[in-house]
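Asks: Take a look and give me a structure for this.
(2 chains)
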Protein chains: 2
Amino acid sequence: MARERRPEGAGDLPSPVPEVVIERPEPTVDGGRFPAKAIVGDPFEVRADVFAHGHDLVRAVVRIRRVGARRWAESPMRPEGNDAFTGVVTPSAVGPFEIEIAAGLDHLASFMRDARRRLAAGIEDPFDAETGAVLLAEAADGLESVGATDAGSLRRLAATARSGLTLALLDELEGLAPALSHRPLPEEGAATVRLRGIAAAPRAAFSTWYELFPRSASPERSRPGVLRDVIDRLDYVADLGFDVLYLPPIHPIGHTARKGKGNSPRSRPDDVGSPWAIGSAAGGHTAVAPELGTLEDFDLLVEEARRRGIEVALDLAFQCSPDHPWVHDHPSWFRHRPDGSIACAENPPKRYEDIYPLDFSTEDWAGLWQALAGVVRFWVARGVRVFRVDNPHTKPFAFWEWLIAEVKKEHPEVLFLSEAFTRPKVMHRLAKLGFDQSYTYFAWRNSRSELEEYFRELTSEPGTRYFRPNVWPNTPDILPESLQEKGRAAFIARLVLAAGLSANYGIYGPVFELCWSTPAAPGSEEYKASEKYEVHHHDLDDPASIAPVVAKVNDARRRSPALQRNEGLAFHSCDNEQIICWSKRRAGDVAIGVVNLDPRWTQSGFVHLDPQALGMAPGERFRVHDVLSGERYLWEAGDAFVKLDPAAIPAHLLLVESLP
Amino acid sequence: MARERRPEGAGDLPSPVPEVVIERPEPTVDGGRFPAKAIVGDPFEVRADVFAHGHDLVRAVVRIRRVGARRWAESPMRPEGNDAFTGVVTPSAVGPFEIEIAAGLDHLASFMRDARRRLAAGIEDPFDAETGAVLLAEAADGLESVGATDAGSLRRLAATARSGLTLALLDELEGLAPALSHRPLPEEGAATVRLRGIAAAPRAAFSTWYELFPRSASPERSRPGVLRDVIDRLDYVADLGFDVLYLPPIHPIGHTARKGKGNSPRSRPDDVGSPWAIGSAAGGHTAVAPELGTLEDFDLLVEEARRRGIEVALDLAFQCSPDHPWVHDHPSWFRHRPDGSIACAENPPKRYEDIYPLDFSTEDWAGLWQALAGVVRFWVARGVRVFRVDNPHTKPFAFWEWLIAEVKKEHPEVLFLSEAFTRPKVMHRLAKLGFDQSYTYFAWRNSRSELEEYFRELTSEPGTRYFRPNVWPNTPDILPESLQEKGRAAFIARLVLAAGLSANYGIYGPVFELCWSTPAAPGSEEYKASEKYEVHHHDLDDPASIAPVVAKVNDARRRSPALQRNEGLAFHSCDNEQIICWSKRRAGDVAIGVVNLDPRWTQSGFVHLDPQALGMAPGERFRVHDVLSGERYLWEAGDAFVKLDPAAIPAHLLLVESLP
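Replies: Next up is the predicted model:
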């Protein structure tokens, strides 16, 4: 409603329209600086405080649309008490979306509430019948305008109201409340707030990674592995239940300052070097190392993997060996020392002589950044949809934010995993600016209290709005203390923790399933005879391999919706500190994990299941299937006795089979 | 540094400058929609997460200036670990101010850290001496540019460094860190964030209110009180230690539908009516009721009060009696019913026939809003600096935000107290949009756990950024259950709770100090024979009056800086649930309150003083002065036995006198 008359000197008089206030709309990330993350098809919960001055009731709706789309999909928000409202929308396409929360006064509901109070107190207001009829007719118009079927019932009520408002009529109207919530909001006095979101494919939330060194994938001891050997290994990887196969850099490896075995500063002629020392005369970041095969081999690998439901993930390690073509062609992309030499990578007192870092703020930064984007575009064009990014925290935030947005403009389904083992705020910033998944501190969380505290943090707001953890019991850089010289039980325990607690997890194999556990030196987290610097051959048929356990765990993850997301995680207490117990619950599905954290001794005790976390009544009985042992038990939502022997299987991974 | 070359299609390439990130700057209110509140002269703490990619160290400063001022006052922020930084600024003038957090890379510190690591590991870098010398000279330039005295020492270090960097030199440099923090930030790669604040006079944070009905202030039973009688009572009010004297509306009272005694819908000819039914033939909101005196009497009252350090607070009740001049002159300012009559105020099933609410969204809203602003300006021009606003939550938020800003533009020192006994979010919104103080739920918080929980909430973020509580044991509308028929001990207990827990508090007297405790009816919170509808005469010399206790409590508040703010409040446990114990601590001052919440029986027990909250070592001994009993005790930071007899004094209010 336009207001024409304005008093003198009232230039900054605000609108006099009865204002509805929308406060604290969520989810937001840094006040709207970044979009909140969602998954296509998953319900996305929106909330806000909505109220007006005085005693008028308010109504709120939430709308969603893809960025660029014209039409909104709208649904009513629900009052939760204390002026809080919640609503749910569901993104239907991968990519950025907009949310709008809109709220207005609910004149009809306010009037009906007041009329009911007057009627109940025996107060007769001569105008109630007329006012009620008018408001009901307006509401009927509103419903009709959105094609709702209940408009007719409202018109009938309006007619009845005109001849006298009664409690019976008000009761009948109450029954129409769900329909009424779909009326268009009144334009006058309505408020709107916009939020930003970005939807990813379900794989962003639920993925199972397997990392291997192609050169160690040879079935023959006589030669190193090649990409074709990796193709031959795809069935093994698929049988184990993995859906992302991550390869360390597959590019030509530099010769200058090449590292020897065990990260020795001197290499011998037959040393193969670190795959992260990228670039030689054979090419740089868009080449395949000749010793691994050809681009065509790689294309075939991607194709064969996809036939098995597996995405090949490449490693984006944006750094160069001294022999990288860019060193010659673009010397300005590197940092120079006073004597004109190029500075090698350094984290004092450590030096990485085989690696030149790129200078992201070089004069020719734009050329460099576009070249790097070109690398990603090159592999995307060859079908790669998942990238594991090496040390993103040592490059500018602005670079990643730009790069990821550029790539997703054309291919919103591409996923980026951030390998930033650094300070929490830096890891979170990378997640906010666009990385889909992030490595975590899981490898260093061992005791029950450490694990519980960390996973509570990982599944708490505001981190859950943007940070999707991907947990790894081991990586080529990390043989954690929890696995060193610990044997099979420790590996199974860490496997069940990772796979059962986090919807995204991965292992570095085959050293994981073969339970490699010897560190390079006491106190070191490096593997002895690390594959980073030498070729190995693995006996996948080793009877000690825990591959069958890995397959069972991954199969359970595929069958249990609860294990495919991180929401709905709850920990349950246990009398024995060495036993950790948790449950995950989602859309009627419940899974329970129990792990003996002591790799040496049998531990037993009572776990105290919290019925509420399970969505059950106290004492309710239910059947569980232990996917590790294959056995079925009858449990109840209360106390359960568990006994876990490291010599057998030190964990339960239980899928609840019969729920009411 | 300007970057000229831009690659093709790089229109949205971000700046490549090494970026420093400032995240989660605080304090903010609703993401910057409202200013955070401060007190002139009080330290104002600012914090943010500040970091950059990679391993470079960062530096941050915080700046403050009045809105409109050109020059900033700058001080360094302190790293608190985990990338968090804090800083303190002090607003020096009443009114809105700006805060800027600025951060940049600290090249010198990063280099020195790396050089130290290299030196410690015995690694010699041929360029360290030169680089160090250059960076030190740059730092000396920076210090010189801000006139710092340590520039010379730095130049000397730079010269020394040139001939060789040593651990001794790095140690010496470390000693200059405080001076170095005052260097100007490097322009390249620096980030800034702005925050909004508004500073109020100390009275906004610390005030002691006394409310009285002028017409009940007559010293003679033969006639009602007038404003001149209030002047005569100023010494009494000042002796009791109050610094705000709040008067219910002093305007002409309507005759039409005037309420009789006890809120009777029918009045007798000699009934005086409710002061909130404002307006008669004698005038409206800018008139003084003839039965109270003249505008000149009022001016004299304001002047005489101020001579005693007391501000007179008026009641802004923006509503009209049917006889208000506006009803005749501006009928459009009121809401009309279908039959053309004006709607009276209503909160169904309650009706207030003697009051017409104003229609804030009338066609002539601008005329109405300006008229109301004119009311405030009128009284401000007569010297009023404090307003208690009646039911602000029933008028639009936008109106108050505009009105308060308008008034404070010319008179930033004016204070507004919001009397909104409504839902929490609405009360908070009013505080955010400009009200300086707010009534609270104190009257309905009685048990120890209720009081502890509520005051923890009142002294917690984010509310403390904008909501300043003003707590009242009673008001003319509220004789709470905790005082009804409870006697002297209950009044003293509630007094000490209010005055000792909250820096702003008030009482409605003289009925409070005379311990009026009879409700209008069982279950009612109205006073029997309420002064809202009739004239009373009070015997201030009644020996049962607790006025002497009020005076002692208020005297303690004046002497104790800790009692003058709400920060530094901590509760201490006690074995006896009927005993509540708290302390307040500020700038070296500590006060302790202990109250027996049982008005009938003596209660005793051990209170367990938390030494940390007192700023003391465990077991540390200290002397306290009980301002209520006048006695002095030696206490220790640990357990203390207390015994409080309602028949004597049911509380301790202890000022700690000797601190190390």
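
Asks: where in chain A is pLDDT low?
Replies: Residues of chain A that meet the criterion pLDDT under 70 lie in A:1-12, A:15-18, A:659-660.

Asks: 80 instead, please
Replies: Applying pLDDT under 80 to chain A flags residues A:1-18, A:187-189, A:658-660.

Asks: So for it, the centremost residue is which one?
Replies: Most central in chain A under C-alpha atoms, centre = their mean is A:Arg468, positioned 2.9 Å from the mean C-alpha point.

Asks: Not counting its neighbours along the chain, what's nearest that one?
Replies: Leaving aside its sequence neighbours, A:Arg468 sits nearest to A:Gln437 (C-beta to C-beta, 6 or more residues apart in numbering or on different chains; 4.8 Å). Every C-beta, even on glycine, is put in place using the N, C-alpha and C of the backbone.

Asks: Give the buried residues for stretch A:271-283.
Replies: Neighbour counts using 16 or more other C-beta atoms under 10 Å in any protein chain shown place A:Asp271, A:Val272, A:Gly273, A:Ser274, A:Pro275, A:Trp276, A:Ala277, A:Ile278, A:Gly279, A:Ser280, A:Gly283 of stretch A:271-283 among the buried residues.

Asks: Could you pull up phi and psi at A:Glu26?
Replies: In terms of degrees, to the nearest 10, the main-chain angles of A:Glu26 are phi -140, psi 160.

Asks: Now do the contacts for it.
Replies: For A:Glu26, the contact set (C-beta atoms under 8 Å, 6 or more residues apart in numbering or on different chains) comprises A:Val46, A:Arg47, A:Ala48, A:Leu195.

Asks: for those, which one is nearest chain B?
Replies: Distances from chain B to the contacts of A:Glu26, taken as C-beta to the nearest C-beta, are shortest for A:Ala48 (10.6 Å).

Asks: Let's verify the closest one: helix, strand, or coil?
Replies: strand (DSSP: H, G, I helix; E, B strand; the rest coil).

Asks: That one is in contact with A:Val193, isn't it?
Replies: Yes - proximity of A:Ala48 to A:Val193 meets the contact threshold set by C-beta atoms under 8 Å, at 6.9 Å.

Asks: who touches both of those two?
Replies: Common contact partners of A:Ala48 and A:Val193 (C-beta under 8 Å, 6+ apart): A:Ile22, A:Pro25, A:Ile101.

Asks: Now rank those residues by neighbours and give me the top one.
Replies: A:Ile101 (23 neighbours; other C-beta atoms under 10 Å in any protein chain shown).

Asks: For it, give me its contacts.
Replies: Shown in contact with A:Ile101 (C-beta under 8 Å, 6+ apart): A:22, A:25, A:46, A:48, A:50, A:60-63, A:77, A:87, A:192-193, A:195.

Asks: If we use 10 Å, what do you get?
Replies: A:22, A:25-26, A:46-48, A:50, A:60-63, A:77, A:85, A:87, A:191-195 (C-beta atoms under 10 Å, 6 or more residues apart in numbering or on different chains).

Asks: Selecting buried members of those in ChimeraX, what would you type?
Replies: Selection of buried members from the contacts of A:Ile101 for ChimeraX, criterion 16+ other C-beta under 10 Å:
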select /A:22,25,26,46,47,48,50,60,61,62,63,77,85,87,191,193,195
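
Asks: So which of the contacts of A:Ile101 belong to strands?
Replies: Under the assignment DSSP state E, the contacts of A:Ile101 contribute A:22, A:25-26, A:46-48, A:50, A:60-63, A:85, A:87, A:191-195 to strands.

Asks: need the helices for the stretch 1-150 of chain A, in chain order.
Replies: A:107-120, A:128-145 (DSSP state H, counting those that start in this stretch).

Asks: of all those, which lies closest to chain B?
Replies: Per C-beta to the nearest C-beta, nearest to chain B of those: helix A:107-120, 4.0 Å.

Asks: Would you mark the buried spots in that closest one?
Replies: By neighbour count on 16+ other C-beta under 10 Å, the buried set for helix A:107-120 is A:His107, A:Leu108, A:Ala109, A:Ser110, A:Phe111, A:Met112, A:Arg113, A:Asp114, A:Ala115, A:Arg116, A:Arg118, A:Leu119.

Asks: ok, now stretch A:503-521?
Replies: Buried-residue list, stretch A:503-521, by 16+ other C-beta under 10 Å: A:503-517, A:519.

Asks: and of those residues, the nearest to chain B?
Replies: A:Pro519 (21.9 Å).

Asks: list the contacts for the closest one?
Replies: Counting by C-beta under 10 Å, 6+ apart, A:Pro519 makes contact with A:Leu479, A:Pro480, A:Glu481, A:Leu483, A:Gln484, A:Glu485, A:Glu525, A:Glu526, A:Tyr527, A:Lys528, A:Ser530.

Asks: Those, buried ones only, as a PyMOL selection?
Replies: Here is the PyMOL command that picks out the buried ones among the contacts of A:Pro519, judged by 16+ other C-beta under 10 Å:
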select buried, chain A and resi 479+480+483+484+525+526+527+530
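
Asks: Send me the host helix or strand of A:Ile507 as PDB with only the CA atoms.
Replies: Under the criterion of DSSP states H and E, A:Ile507 resides in strand A:504-508. Presented in PDB, the C-alpha positions along strand A:504-508 are these (Å, rounded to 0.1, in the frame of the first residue of the first chain):
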ATOM      1  CA  ASN A 504      32.900 -40.600   4.000                       C
ATOM      2  CA  TYR A 505      36.000 -42.600   4.700                       C
ATOM      3  CA  GLY A 506      38.900 -44.100   2.900                       C
ATOM      4  CA  ILE A 507      41.900 -46.400   3.300                       C
ATOM      5  CA  TYR A 508      45.300 -46.400   1.700                       C
END
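
Asks: Against which helices or strands is that strand packed?
Replies: Strand A:504-508 sits against strand A:207-211, strand A:244-246, strand A:437-439, strand A:469-470, helix A:488-501, helix A:547-559, with contacts defined as 3 or more C-beta pairs under 10 Å, 6 or more residues apart in numbering or on different chains; DSSP states H and E.

Asks: Tell me which of the ones you listed lies nearest to A:Leu458.
Replies: Nearest of these to A:Leu458, taken as C-beta to C-beta: strand A:469-470 at 4.9 Å.

Asks: in its sheet, what does that closest one sit against?
Replies: Applying DSSP bridges, strand A:469-470 is found paired with strand A:437-439 (parallel).

Asks: buried residues in the partner strand?
Replies: Under 16+ other C-beta under 10 Å, the buried positions of strand A:437-439 are A:Gln437, A:Ser438, A:Tyr439.

Asks: helix or strand right after that strand?
Replies: helix A:448-458.

Asks: From the rest of the structure, what touches that next one?
Replies: A:424, A:438, A:440-442, A:444-445, A:447, A:463-464, A:467-469, A:471, A:497, A:501-502, A:566, A:569-571, A:573-574, A:576-582, A:595, A:597.
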